[in-house]
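1. Provided below for reference: sequence and predicted model.
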There are 2 protein chains.
Amino acid sequence: MSWIDVTYLVRTGAADIASVAAALALEQSVEVPADVVRDDWVREHVMGRVAGIEPHDAGRFRVGIRLATATTGLEAAQAVNMLFGNSSLHHHVELVDADFPPDFVAGFAGPRFGIAGIRGLAGVHGRPLTCAALKPQGLPVERLAELAFTFAAAGIDVVKDDHGLADQPYSPFAARVAACCRALERAGRETGRKCLYAPSLVGPPRTLAKQARIARDEGAQMVLVAPALVGLPAFHELVQEVLDVPVLAHPAYGGAAGVAPPFLLGTLFRLLGADAVIFPNAGGRFAYSEQTCTDIATRSRRPWPGMRPMLPVPAGGMSVERAPDIVREYGDDTMLLVGGSLLAAGDRLAERTRAFVDAVAGTSPVRNGRPVSAAPAA
Amino acid sequence: MSWIDVTYLVRTGAADIASVAAALALEQSVEVPADVVRDDWVREHVMGRVAGIEPHDAGRFRVGIRLATATTGLEAAQAVNMLFGNSSLHHHVELVDADFPPDFVAGFAGPRFGIAGIRGLAGVHGRPLTCAALKPQGLPVERLAELAFTFAAAGIDVVKDDHGLADQPYSPFAARVAACCRALERAGRETGRKCLYAPSLVGPPRTLAKQARIARDEGAQMVLVAPALVGLPAFHELVQEVLDVPVLAHPAYGGAAGVAPPFLLGTLFRLLGADAVIFPNAGGRFAYSEQTCTDIATRSRRPWPGMRPMLPVPAGGMSVERAPDIVREYGDDTMLLVGGSLLAAGDRLAERTRAFVDAVAGTSPVRNGRPVSAAPAA
């Protein structure tokens, strides 16, 4: 008999928490009142149960619920359904964590490349990686390709599409991917170093598969996908069945309320096969706290039997000036993603990009002679 | 030049709302500061713009943003990305509505059966429909099929799987669907009336397609799918490319993204092809207000050029006793879903089910000689 230990934060009064927790255990398993479950086997093997209740902060309790692993069918969609299907509709409940048993985890491969795979492809060791974004959307294909060339020539390791780039008439997917791949090849010939291109795949499942084939045929060595946007099960299938390059996961539509970001981005995305995960860094234009960001990075890289480490990619409102601090905070096994802050340099884009690249390389804990890394040796 | 008029509720102070709204328009379009957009065409045809700001309630403003239709690529995943991709990560922003222009809507077929199609298949006219759920999960296939038979024989119009039923070992999908279809055929022969069975499809895209084929081959005349759980784009593709029966949409995982329920369940689910939509009714065990529920029902059925009406299915904590009130509230073009309240009757299940069926039929506005319907004549 195997159980998933799920943790929720529940907002309610002390007088009600016991009954609210009991209701939550039923809602996420049998979905009927306990006295309606008249079958002993169901009561013992299927019905969820409250494992613990403890005060968390003013007005909230930390509630542990044990859900039978068998209810998930060992599959992503149904697992999310059991963890948070109906309770996502409850404003007073937040899903914060789940401890999956080995028989559940065994059904998932996690990152297929992970940190080591991405480093190998990019040829970058001993320092954090750098990433820049092609934007704003609306620019024609040639302008985006030019931008890609400038970034690569200035020493960026990974150039990604803005996640807003899809298959719009002003920069159709196939033409864009071809042009950007050619631009990066040209940059590679001139600089003698590699820069990976991650086009953004977005659409329903068949479109994703089609875009993945185009990206592969053009030679793109990475892809960008937003798991919450395309659907966690569709993301998982895409990774398992279609993609043969590392996946950079984007948090779009990941939601601020409901599922705690560290669990969604740091644990679930990794479980489903993301090789790297973008998250809005503290101090940028999103409201993630430092603790949330640290937690995402920790979950991305912490030892997890059978799961490769996933590369954390702090982003959002990042500036060249902040790069050294961010490297000190996250350590070497990190990729720094900078966007609008580079583009604001206008005609001095190449210069500003080189400053960013140098800032990251120069302040790497390893390069400073102090090999400090937040990453465990997993 | 075509625009989508999107409405957000934004929590911030009066001193900041202008700049917060401007930032939101950029975040959901070009994703760079306005002064970085140096291309005139992009500024005029791609960059989002603030259309209006008005006070909503204490601490919140209603912000109208115009987003260029072209940025969506006329496709579900990218449309959601543009409406709420990054802003879903902002705690202070809620997506509440969008007014789609005709050139966008033309890319979507909406419900393929709708209210009239479901009525035709069920053979029910002039009164609301009734629906009961097979649960709790954990029961073996034969017990679920027995339950289906009892419901059908007692006069229920639609028997659906509990949304927690997936492909678990204790009631595998293929065996369950076959057994329930046979049970309903037998009930039909005995009663001379129809009862539709809606098995729950859940999983990654290829699994959904496989389950849909099994359901069709066994003769299931409806299916249950949770669009937010399988992913909105995967749901849309399933409806468009695979399914040839009406789709009953379940709200599971729908609360996890900061999208207002009336817009998500009433508008987006309908746009993407749901024929009927389950929602937690006010007064049940979920926290939806009466106004939210009325809004969902109104959006399901209101005239929308090119879109068939979708059947609203109030559910969640419903009791036989409340049925008359619910019929009065929602009118005829409604399906009442009752779950645990029937099962609580234990050995008197059939009797209690007949009481529910009679309550709905007997209190129908039409049957009472007062043809009141909340549904427009669309």
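-> That came in fine, so what should we check first?
2. any idea of the pLDDT on the closest residue to chain B within chain A?
-> Proximity of chain A to chain B (Cβ to the nearest Cβ) peaks at residue A:231, 1.4 Å away. Placement of C-beta: from N, CA and C, glycine included. The score at residue A:231 is 92. That number is its pLDDT.
3. Skip the chain neighbours and tell me the closest residue to it.
-> In space, and not counting its chain neighbours, residue A:231 is closest to residue B:231: 1.4 Å by Cβ to Cβ, 6 or more residues apart in numbering or on different chains.
4. tally of neighbours for that neighbour?
-> 32 (other Cβ atoms under 10 Å in any protein chain shown).
5. list the contacts for it?
-> A:229-235 (Cβ atoms under 8 Å, 6 or more residues apart in numbering or on different chains).
6. Adding secondary structure, write the residues you listed out as JSON lines.
-> Below are the contacts of residue B:231 laid out as JSON lines (DSSP: H, G, I helix; E, B strand; the rest coil):
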{"residue": "A:229", "secondary structure": "helix"}
{"residue": "A:230", "secondary structure": "helix"}
{"residue": "A:231", "secondary structure": "coil"}
{"residue": "A:232", "secondary structure": "helix"}
{"residue": "A:233", "secondary structure": "helix"}
{"residue": "A:234", "secondary structure": "helix"}
{"residue": "A:235", "secondary structure": "helix"}
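7. so which two of those are the farthest from each other?
-> Using Cβ to Cβ, these span at most 12.7 Å, a distance reached by A:229 and A:233.
8. can you give me the strands for the stretch 201-350 of chain A?
-> A:223-225, A:247-249, A:276-280, A:311-315, A:335-338 (DSSP state E, counting those that start in this stretch).
9. show me where pLDDT drops low in the stretch 151-300 of chain A?
-> Applying pLDDT under 70 to the stretch 151-300 of chain A picks out residues A:256-258, A:285-287.
10. Just give me the neighbour total for the nearest residue to residue A:214 once chain neighbours are set aside.
-> Leaving aside its sequence neighbours, residue A:214 sits nearest to residue A:174 (Cβ to Cβ, 6+ apart; 5.3 Å). If you count neighbours by other Cβ under 10 Å, residue A:174 ends up with 16.
11. picking up where we left off before, which of the contacts of residue B:231 has the largest number of neighbours?
-> residue A:231 (32 neighbours).
12. Angles on the backbone of that one, please.
-> phi 100, psi 130 (degrees, to the nearest 10).
13. quick one: it and residue A:175, what's the gap?
-> 27 Å (Cβ to Cβ, to the nearest Å).
14. how many neighbours does the nearest residue to residue A:207 once chain neighbours are set aside have?
-> Once flanking residues are discounted, residue A:207 sits nearest to residue B:75: 7.2 Å by Cβ to Cβ, 6+ apart. Residue B:75 has 20 neighbours, counted by other Cβ under 10 Å.
15. Residue B:75 and residue A:206 touch, don't they?
-> No. Checked against Cβ atoms under 8 Å, the pair residue B:75 and residue A:206 is beyond contact range at 11.4 Å.
16. For the stretch 1-150 of chain A, just list every one of the helices.
-> In the stretch 1-150 of chain A, the helices defined using DSSP state H, counting those that start in this stretch lie at A:17-27, A:40-45, A:76-84, A:102-105, A:114-122, A:141-153.
17. quick check: mean pLDDT across the fourth one?
-> Averaging pLDDT along helix A:102-105 gives 90.
18. Would you mind pulling up the elements that it packs against?
-> Contacts defined by 3 or more Cβ pairs under 8 Å, 6 or more residues apart in numbering or on different chains; DSSP states H and E place helix A:102-105 against no helix or strand at all.
19. Pull up the per-residue confidence for residue A:337.
-> 88.
20. can you count the residues close to the nearest residue to residue A:195 once chain neighbours are set aside?
-> Spatial nearest neighbour of residue A:195, chain neighbours left out: residue A:152 (3.7 Å); criterion: Cβ to Cβ, 6+ apart. Residue A:152 is flanked by 28 other residues according to other Cβ under 10 Å.
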